[in-house]
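[1] Sequence first, then the predicted structure:
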Amino acid sequence: MKTFADNRRAHFDYDIKSTLHAGMVLTGPEVKSVKGGNVSLMGAYVSVFANGVSLINCHIGPYKYAPDEKYDPTQSRKLLLNKSEINQLLGKEKGLTIIPLEIYQGNRGLIKIKIGLGKARKKTDKREYIKKRDAQKEIRQSY
């Protein structure tokens, strides 16, 4: 399983409760660009609409051999989820955010995205998280 983009900041800013895996609707040149590593999840988020779930503000750069001059790299892209998975996202407790965690290559070369359902951490929570992480690191290094 090859990872093309990883949202490392999401694990620091959010306390991830659960994760889901979804497919992405991409055009041919977008798939080539993602497989070339020209993708970024910085500032991206997932939103649920009446017609489905969309990934918004994910930057997939233009494929250098594609002739499309009117390509928008940050356009919204539809995510492929079942109704039960969408209801699972909506049925959770209030105050949770849907965050894209990573884009990877699934079975048969398909591009998949791992999304997480998490609660935003406050500044004091982040400080406690850093202290716990550093303490665990020191314990591992002492052995």
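    Sure thing, it's come through.
[2] Could you pull up phi and psi at residue 54?
    phi -130, psi 150 (degrees, to the nearest 10).
[3] Could you report the neighbour count for it?
    By other C-beta atoms under 10 Å, 17 other residues sit near residue 54. Every C-beta, even on glycine, is put in place using the N, C-alpha and C of the backbone.
[4] Might one say that it is in contact with residue 80?
    No: counting by C-beta atoms under 8 Å, residue 80 is not a contact partner of residue 54; they are 11.0 Å apart.
[5] Could you pull out the helices in this protein for me?
    Assigned by DSSP state H, the chain shows helices spanning 8-13, 28-35, 83-90, 123-142.
[6] JSON lines for these, including mean pLDDT, distance to residue 107 and mean neighbour count?
    Formatted as JSON lines, the helices of the chain follow (pLDDT from 0 to 100; distance: least, C-beta to C-beta, whole Å; neighbours: other C-beta atoms under 10 Å):
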{"stretch": "helix 8-13", "mean pLDDT": "84", "distance to residue 107": "24", "mean neighbour count": "14"}
{"stretch": "helix 28-35", "mean pLDDT": "88", "distance to residue 107": "15", "mean neighbour count": "18"}
{"stretch": "helix 83-90", "mean pLDDT": "83", "distance to residue 107": "18", "mean neighbour count": "13"}
{"stretch": "helix 123-142", "mean pLDDT": "86", "distance to residue 107": "33", "mean neighbour count": "10"}
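[7] and residue 1, which of those is closest to it?
    Evaluated over these, closeness to residue 1 peaks at helix 28-35, with 13.4 Å, by C-beta to C-beta.
[8] Quick check: which helices or strands does that closest one pack against?
    Helix 28-35 sits against strand 3-6, strand 59-60, strand 111-120, with contacts defined as 3 or more C-beta pairs under 8 Å, 6 or more residues apart in numbering; DSSP states H and E.
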